[in-house]
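*Asks:* Have a look at this prediction, sequence included:
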Amino acid sequence: MDAAAHAYFFGGAGREQTLAANEHAWCKDWLWPRVLATPARIDTSVTLLGRRCPTPWLAAPMAHLRLAHPQAELGLALASAAQGAGFVLSTHATVALEDVAAACRSETERGPLWFQLYPYGEREDWLRLAQRAARAGFEAIVLTVDAPVQQVPTRAREAGFTLPPAWPQPNLPAPPPRGTLEELLAQALHWDDVAWLRQRCPLPLILKGILHPADAERACAQSLCDALIVSNHGGRVLDGVPPTATALPAVSAAVRGRVPILVDSGLRYPTDVVQARALGAHAVLIGRPLLVALASGGAAAVAQLWRRWRDELAATLALLGAASLDDLPPLHTELQPMPAPNP
Ligand SMILES: Cc1cc2nc3c(=O)[nH]c(=O)nc-3n(C[C@H](O)[C@H](O)[C@H](O)COP(=O)(O)O)c2cc1C
Ligand SMILES: O=C(O)C(=O)c1ccccc1
């Protein structure tokens, strides 16, 4: 991949403080292992929106994957489906959503297949695209709400990143705003737009990009979503916002079990998934590690990554004495330093 594309994929907003903090924040609480308690069998599955998922992770929606590898979104989706991982297709994908759904259909042990929606154009344009995704076989719409205004990552700007001419983007609801601030502000989504879409959307609606517990409370109180994703967009939108590991417990407390919570940004090891789970998330999305795999070896490398993650998650659970993710104790109570037991 060329240097400018690399800067686009791996960069963040501003001075990349949030980008850096995301990864570190997953290692704040210690995992307390249990000995002589190894389960005979480990189950890595979770239940999400009434569906059994073989693994607790999905590939995060990422734009323009053809820049990373010619197999692009098709390779990432197929390898994910084959390894029991979920996949979220970006509005800015370089492959038609129908082709992605068709490629995944024959995988029997696949994870959830969701479509990420950027609400360009008019409300009817968003709805038409959601209906198209439903017809193709997608199982939910992920509405990204955290990036009404977004700039190209600092290092990508410095590297002069631009998309090649005639770049394929077959799933746009309408032409995206060209990028003047006035245009972006005028097109920004508001709560009443979410309510409008939710009433008409043929699929479960998931809000992506919640960090503030008050926003989570509002989404739940007004029944505006079927699930929400705690995300800071991998540190790409507003530098200086908290890492998601910091926001997650507060969001989880605000949600009070009303909807399932997913989280992304900075998860790099299966142990981070255990931390996320213990802090209140039901499942996670993984972004850039999959880009590394896709760019280095296409679908085969992605499949290898997911297999390694599943093995490592199973090993982690075994060492914690948990037979499944449902069997884990909550981190912040049981795994904080505890008073020494009486001798
Ligand atoms: C290159 C790139 C493109 C992205 N494109 C989108 C997108 O089109 N839609 C979206 O909702 N999020 C997009 N994201 C954000 C990811 O879905 C996700 O929130 C983030 O990458 C997770 O953090 P991680 O990369 O640290 O795992 C993108 C992220 C990257 C790195
Ligand atoms: O780069 C991104 O993170 C992203 O979400 C995006 C937004 C608009 C166009 C392409 C990607």
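*Replies:* Received, thanks. Ligands and ions are numbered 1, 2, ... in the order given.

*Asks:* mind listing what the residue of the stretch 151-300 of the chain found nearest ligand 1 touches?
*Replies:* Residue nearest to ligand 1 within the stretch 151-300 of the chain: Gly287 (2.4 Å; Cβ to the nearest ligand atom). C-beta here means a position set from N, CA and C on the backbone, and glycine is covered the same way. For Gly287, the contacting residues are Ala59, Ala60, Met62, Gly234, Asp264, Ser265, by Cβ atoms under 8 Å, 6 or more residues apart in numbering.

*Asks:* beta partners for the residue minimising distance to the centre of the chain?
*Replies:* Centroid-nearest residue in the chain: Leu285, 3.1 Å away (criterion: Cα atoms, centre = their mean). For Leu285, the beta-bridge partners under DSSP bridges are Leu58.

*Asks:* That one contacts Pro56, doesn't it?
*Replies:* No - Leu285 lies out of contact with Pro56 (Cβ atoms under 8 Å); the separation is 10.3 Å.

*Asks:* Would you mind measuring from the residue nearest to the centre of the chain to Ala166?
*Replies:* Going from Leu285 to Ala166 by Cβ to Cβ, to the nearest Å gives 30 Å.

*Asks:* now swap in Asp326 and tell me
*Replies:* With distances taken as Cβ to Cβ, Asp326 is found 49 Å from Ala166.

*Asks:* And the average pLDDT for stretch 31-38 is what?
*Replies:* Stretch 31-38 shows a mean pLDDT of 95.

*Asks:* Over to stretch 64-79?
*Replies:* For stretch 64-79, mean pLDDT rounds to 98.

*Asks:* Check the burial of the closest residue in space to Pro202 that isn't next to it in sequence by counting its neighbours.
*Replies:* Of all residues not flanking Pro202 in the chain, Ala134 sits nearest, at 4.4 Å (Cβ to Cβ, 6 or more residues apart in numbering). The local packing of Ala134 (other Cβ atoms under 10 Å) involves 16 other residues.

*Asks:* shouldn't Ala134 be in contact with Arg200?
*Replies:* No - using Cβ under 8 Å, Ala134 is not in contact with Arg200; the gap is 11.3 Å.

*Asks:* pLDDT score assigned to Pro61?
*Replies:* Looking at Pro61, its pLDDT reads 99.
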